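Asker: Would you be able to build a 3D model of this:
(chains A and B)
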Amino acid sequence: MAAMGMRPGIIILREGTDTSQGTPQLVSNINACQAVADAVRTTLGPRGMDKLVATGSKATISNDGATIMKLLEIAHPAAKTLVDISMSQDMSVGDGTTSVVLLAAELLTKLKPLIEEGISPTRMIQTIRQTGRLAVDKVTALAVAVDQQEMLLKCASTALNSKLISSHQDLFAPMVVQAVTKLHEAGNVEELSEWIAIKRIPGGDVRQSFLVEGVAFQKTFSYAGFEQMTKKFENPKILLLNVELELKSEKENAEVRISSPAEYQSIVEAEWQVIYDKLDACVSSGANIVLSKLPIGDLATQYFADRGLFCAGRVTDGDMKRVAKATNGSIQTTTNGLTEKVLGTCGWFEEKQVGDERFNLFTQCPSTLTCTIVLRGGTEQFIAESERSVHDALMVVKRTIQSGSVVAGGGAVEMFVSNALRKHALEIEGKEQMIVTAYSKALEVIPRQLCENAGLDATDILAALRRKHAKDGDEARWYGVNIEEGGIMDTFALGVWEPSDNKINSIQAATEAACVILSIDETVISPKSQDPGAQASGMMGGGGGGGFGGAMSNAMDIATSGGPRSGQMAPGVSYMKGRGGA
Amino acid sequence: MSMVYDEYGRPFIILKEQQAKNRVKGIEATKSNILAARSISNILRTSLGPKGMDKLLVSPDGDVTITNDGATILSQMEINQQVARLMVELSSSQDDEIGDGTTGVVVMAGALLEQAEILLNKGIHPVRIARGFETASQVAIDHLAKIAEKVEFSQDNLQPLLTTAKTTLSSKILQPHKEKMANIAVQAVLDVADLERHDVNFDMIRMEGKTGGSLEDTRLVNGLVLDKEFSHPQMPTVVKDAKLCILTCPLEPPKPKTKHKLQIDSAEAYEELYNQEQTYFRDMIQKIKDSGANLVICQWGFDDEANHLLLQQELPAVRWVGGVEIEHIAIATGGRIVARVEELTADKLGTAGKVEQISMGTNNSRQQDRILVLEDCANQKAVTVLVRGGNKMIVEEAKRSLHDAMCVVRNLVKDNRVVYGGGSAEISCSLAIKKYAETVTGVDQYSIRAFADALDDIPLALAENAGLSPIEEVAAIKSRQVKENNPTIGLGLLSLDEAELKMDGSKEDHTMDMKELGVFETLIGKQQQLQLAAQVVKMILKIDDVISQGQYQY
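Answerer: Numbering: from 1, shown residues only, chains lettered A, B, ... in the order given. Next comes the predicted model:
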């Protein structure tokens, strides 16, 4: 170091660039990941707590790992990896977003001493990958297929267990299962979110939430005359439009020159004629209900009301599509040439008061795939969290259908795999043994956290679980934490089931994330490009900074690939390098 | 949020703008949330019950509101703290669904949180507390259903409805006039109610407030009241057997929507244009006249020329009537809304028995108020309550109180089961829960019992607000309830007025049978209160981590 300091520094990186490298960097990254995991740690399991994240005037209360991670706005580059796996878990499975983060962070924590001991990260990555595969194999072997209906119900219940609405599982689980099964029967599970809508109405009690087999949406903005319309239809014909039904100028920027007052009247007449033609076309198509994505004006409203039709304008795109799908209608972009064929139909339509809102309900539709779940609840935040929970449950059910098999929750799978890995580790020679052991230990984080959140003695229970699994092997494979009474029990018998895909996905994702973080040995953070206003204070003395930036990536590569570094780094970093690398 | 350092003393920046973020974790977070929520409920506590006090709220632009309606107080307070806001939403949720008991629900939630804090200090896990509360609330709800009694009423026997409305009104400013107001509320609801379907369309009840006169002058109009006047001062002020033509087009020369330009290049052309306009007006008015209409309601304005013609033709007219009002008029009078004069036909006209323009206030004032009253409309199912009062604040508060009373009556029409008020239902539930708690083993027993204690808080607050000794009164009620096995014993506050008259200094017994006193509340209202309170408390207890963007923390 001393020798280096005497040489004039070679400036490679743009001033203000933060770099750090080597083992300390790795350790520091791991610490960051731990800090992130700590933030969501307490949300795991049925005794998990919620977080309140306030951004500006909006507050979110959530128990969902992915939601919290998103709201935290994590800036640390390595820790962001954890956010990403949480998101990907949310996207592909919908549940287990907290446990995947915990698992990845724990894996890294358990490997940290090994890194400090000097085991090469590359070797670790290799072993972890293998171990991950092994773990997945174990889970696959463990998974059992059971009667579908029961399986779905229990998986949905398990997913809801940790949520705010956990005491209303009996209401939501069947609701969710019913909705997804319908879709599945028609082979449309993939497009879950398109077919199943969740609507929320603040007010009332959670238990007043209900499932509509068909489409439901809030009353749209209406004009005078709306109240005089027929609000109930049996077997109505439904016309779906993407046309504005309003008296207005036909073309922007058009100008009419009239030379005599008599012509004036004819222009007015012509304009009215245009809108009347449209309205006539709608009515004569035989439709009873006219829906449009674009506004339906007061004139049209009154016109339809006079003729016993119902209409709603400004229907949102998603709702419109669902109506089209449910009623077998198609959305028209013009009112010309409407035929019987483009009209949709359903068994029953009505406008219904739900709490403070009015809903348009289309039920008994010919294609019964679409469902709408209407959520009620005391406060806005409550419903928002309910919606996330129901969404999680929906995804889990969908996943269960796809994977077709389940494993027991409550930390049972993790303990079983951990036990198997521990045994496996003893058969390996060399450093890998340590790594596999670390992996097996990391898996224990799930049962441990479950205990901790429930206020149970984690050490005792883990010891009991380890013993049970080691002693009875396969027989004890479903033994996990008994949250209710403390101690251990067969969680499979208790009905705490999770789709096996869920577990496999989280093991894979966590392993992958750990590998990514382990493989980083250098971070280069370019200084923020400053806005002109802040330049005076921020970029003082950094004259050439701007011009330098473009060449930087090359220079950086060269710098990374080897050679001593200049004294350009922050003092802390260079000291770090000296000490940690030794 | 403070910095985290790793073992090499290097600071982490994990979150964006970490320094500016505030984080409270663990039991500390739970406790500070409880504190925030309870401070809200403490504000409302003194507004509970018949002897509850009012709050005076001044809005940012200086508008003054005086009310003791929980939902109104909270919504005007502009609360920023997130958890406290949950309480606000709690009360507005009760307001939306039930319309009454908005104070009670917040006080209940506050009481539950108070109990939760004690349990937390004992080291019980918040989620277990919340679960105990939920179990207990279910027990209470079942118990309420058990002690609830059906109230039979019919068009001929309105007494039960009147009694309920009076209970609601007794805590409001309208208390001295509750007899009359209860009558109005019940009549208004029954006029629009569909007793067969147990449905009440609240949209058909309009509430108009006018400052001036006294609360006594408040009346129910079997029809509509418009805050409008006839377009010309010389028009007749009373139209009997009115036939209304409801227009949504202005009585003006037509204008194409497309951008246009009319070029006049000679005096003749100008003359022609003028004549055309004149013809247009005459045609329009003639068409209206021909249709048989004798009253014009228009959403838009009139040209002076048209106004003049209308006067000549003896067609009283009202202009600039809002869209919602237009719709109500159309429904009430059975008319159709007409978008063009050309389309006007006799069958599109609405009918009203009498349309009258009433002047209010003193005539020499420039701002004398005129209102239009449409009575005896074709469709009887539209009523308006015209609220009068000494000042704007009283009128507004009277409107809110009447709305609450109507909500209660509506709830009875929907579901005619009631429980008795005066804290009797709460105490009865509290007793039932205590009994149930003894059958539960484990930690839950404590939290369930805590729920029962929280329930006692409502009668305690009632007594406190009435200036009685809370503990004594509640203990007396409890012992009587158990002794007589009668769940309807409660705190008889309404008779206090008479009691005071005795002036003999002897200690009054305030425990009374609420059934005899006729104080009752709807079952659904009470059940909802407990359910919502338990729900929100669970939500608050479940939070163990608050991360917020701390402002001004640099």
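Asker: Please make it C-alpha for all contacts and neighbour counts, starting now.
Answerer: OK.
Asker: Now do the same for B:Phe153: helix, strand or coil?
Answerer: Under DSSP: H, G, I helix; E, B strand; the rest coil, the three-state class of B:Phe153 is coil.
Asker: Poorly predicted segments of the chain, please.
Answerer: All of this is about chain A. Scanning chain A for pLDDT under 70 picks out A:1-20, A:188-189, A:249-252, A:368, A:528-582.
Asker: you looked at the wrong chain, it should be chain B
Answerer: Residue ranges of chain B with pLDDT under 70: B:1-14, B:16-20, B:361-368, B:493-509, B:550-554.
Asker: can we see that at 50?
Answerer: The model of chain B has pLDDT under 50 over residues B:364, B:366, B:496, B:498-506, B:551-554.
Asker: B:Lys255 belongs to a helix, doesn't it?
Answerer: No. Residue state for B:Lys255 (three-state DSSP) corresponds to coil; a helix is not indicated.
Asker: what's it sitting at in phi/psi?
Answerer: In terms of degrees, to the nearest 10, the main-chain angles of B:Lys255 are phi -130, psi 130.
Asker: for B:Ser266, same thing?
Answerer: For B:Ser266, the backbone dihedrals are phi -150, psi 160 (criterion: degrees, to the nearest 10).
Asker: Also A:Phe310?
Answerer: In this entry, A:Phe310 is assigned phi and psi values of phi -120, psi 140 (degrees, to the nearest 10).
Asker: count of residues packed around it?
Answerer: A count of nearby residues for A:Phe310, using other CA atoms under 10 Å in any protein chain shown, gives 27.
Asker: Could you do the one 4 residues further on as well?
Answerer: Applying the criterion other CA under 10 Å, we find 18 residues in the vicinity of A:Arg314.
Asker: how close does it get to B:Glu272?
Answerer: Separation of A:Arg314 from B:Glu272 (CA to CA, to the nearest Å): 43 Å.
Asker: Could you see whether chain A lies near stretch B:100-112?
Answerer: No. Stretch B:100-112 does not reach chain A (CA under 8 Å from any CA of the partner chain); its nearest approach is 11.0 Å.
Asker: what's the spacing between the helix or strand where A:Thr301 lies and its chain's center?
Answerer: Under the criterion of DSSP states H and E, A:Thr301 resides in helix A:298-306. Put simply, helix A:298-306 sits 42 Å off its chain's centre (CA atoms, centre = their mean, to the nearest Å).
Asker: Same question for stretch B:173-191.
Answerer: What separates the centre of stretch B:173-191 from the centre of its chain is 15 Å, taken as CA atoms, centre = their mean.
Asker: Now B:Met77. Nearest residue, chain neighbours left out?
Answerer: Distances taken as CA to CA, 6 or more residues apart in numbering or on different chains put B:Leu57 closest to B:Met77, at 7.5 Å, once the chain neighbours are dropped.
Asker: and the one you found, what is it in contact with?
Answerer: Residues touching B:Leu57, when contacts are defined by CA atoms under 8 Å, 6 or more residues apart in numbering or on different chains, comprise B:Val64, B:Thr65, B:Ile66, B:Ile73, B:Gln76, B:Met77.
Asker: PyMOL command for the buried members of those?
Answerer: Those of those that meet the burial criterion (16 or more other CA atoms under 10 Å in any protein chain shown) are gathered into one PyMOL selection, given here:
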select buried, chain B and resi 65+66+73
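Asker: what's the closest of the contacts of B:Leu57 to A:His424?
Answerer: Ranking these by separation from A:His424, with CA to CA as the measure, puts B:Met77 on top at 64.1 Å.
Asker: Give me the distance between that closest one and chain A.
Answerer: For B:Met77, the distance to chain A (CA to the nearest CA, to the nearest Å) stands at 15 Å.
Asker: so where does B:Gln531 fall, helix or strand?
Answerer: Taking DSSP H and E as the criterion, the element that holds B:Gln531 is helix B:523-541.
Asker: Tell me which helix or strand comes right after that helix.
Answerer: Beyond helix B:523-541 on the C-terminal side, the first helix or strand identified by DSSP H and E is strand B:543-549.
Asker: Need the contact partners of that next one.
Answerer: A:49-56, A:61, B:20-30.
Asker: can you pull the contacts of the closest residue to chain A within the stretch 51-200 of chain B?
Answerer: With CA to the nearest CA, the shortest gap between the stretch 51-200 of chain B and chain A falls at B:Ser93, namely 4.3 Å. If you count contacts by CA under 8 Å, 6+ apart, B:Ser93 has them with A:Pro202, A:Gly203, A:Gly204, A:Gly378, A:Thr379.
Asker: ditto for A:Lys503
Answerer: Taking CA under 8 Å, 6+ apart as the criterion, A:Lys503 is in contact with A:Gly96, A:Val139.
Asker: likewise B:Val107?
Answerer: The contact partners of B:Val107, taken as CA under 8 Å, 6+ apart, are B:Ser41, B:Asn42, B:Leu44, B:Arg45, B:Asp457, B:Ile458.
Asker: try it again with 7 Å
Answerer: Neighbouring residues of B:Val107 by CA atoms under 7 Å, 6 or more residues apart in numbering or on different chains: B:Ser41, B:Leu44, B:Arg45.
Asker: Over to it. Which of the three states is it?
Answerer: B:Val107 is classified as helix under three-state DSSP.
Asker: And the strands in the stretch 1-150 of chain A?
Answerer: Assigned by DSSP state E, counting those that start in this stretch, the strands in the stretch 1-150 of chain A fall at A:18-21, A:50-55, A:58-62.
Asker: what's the most buried one of those?
Answerer: A comparison of the strands of the stretch 1-150 of chain A by mean neighbour count, using mean count of other CA atoms under 10 Å in any protein chain shown, puts strand A:50-55 on top with a mean of 24.
Asker: So is that one next to chain B?
Answerer: Yes. Strand A:50-55 lies within reach of chain B by CA under 7 Å from any CA of the partner chain, at A:Asp50, A:Lys51, A:Leu52, A:Val53, A:Ala54, A:Thr55.
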